[in-house]
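>>> I would like to see how this sequence folds:
(chains A, B and C)
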Amino acid sequence: MRYWLMKSEPDEVSFDDVLASPRHTTAWFGVRNYQARNFMRDQMQPGDGVLFYHSSCAVPGVAGIAEVASGPYPDESQFDPASKYFDPKATREQPRWMSIDVTAVEQGRYLPLTEMRELPALEDMVLLRKGSRLSISPVTADEWKAVVKRVRAKA
DNA sequence: GCCAACGTTGGC
DNA sequence: GCCAACGTTGGC
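The predicted structure follows:
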């Protein structure tokens, strides 16, 4: 069992959107970075823990806890010329980009990025490293514990 | 809107 | 295979 942090722009897909979806589950599409794709393709397993992070918004931070709900499969949006994620070099025979399903599990408090930066347990977290832009990044068990604790805290 | 950091592209 | 130019990310 591993842990991950996945970034989503809430204007596109927010944690609330996933909670409102059938079975609280959504397809994670639109990843167009090879390192992030490889995590989905090679390492992420159903049941892995996911920190659902809101980026590019007024208050970036962890919006809820989720989990990986499927193995990898081709991202449909790469084949759709009308999609902004369309990739002319991708074919059905040789897809380039992968999706996985993600299920929302628990919404506690919203944990802002500013607060994450103050937690000593998170000082080495990939997300918080200077220049880190990965939309999917690994989270250690200790980091997971520290974040979940703050998400479940009363204040 | 700015800009630092990083990834990708393409000419050579 | 190098590397300059360009595009993107994402916090501020």
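
>>> what's the local residue count around residue A:41?
Neighbours of residue A:41 under the rule other C-beta atoms under 10 Å: 15. The way it works is simple: take the backbone N, C-alpha and C, and place the C-beta from them, glycine included.

>>> how about the secondary structure of it?
Put simply, residue A:41 is helix when judged by DSSP: H, G, I helix; E, B strand; the rest coil.

>>> that one contacts residue A:72, correct?
Yes: counting by C-beta atoms under 8 Å, residue A:41 touches residue A:72, with 4.8 Å between them.

>>> between those two, which contacts overlap?
Both residue A:41 and residue A:72 are contacted by residue A:98, under the criterion C-beta atoms under 8 Å, 6 or more residues apart in numbering.

>>> look up how far residue A:146 lies from the residue located most distally from the centre of chain A.
Residue farthest from the centre of chain A, counting by C-alpha atoms, centre = their mean, is residue A:93 at 26.7 Å. Between residue A:93 and residue A:146 the computed distance is 44 Å (C-beta to C-beta, to the nearest Å).
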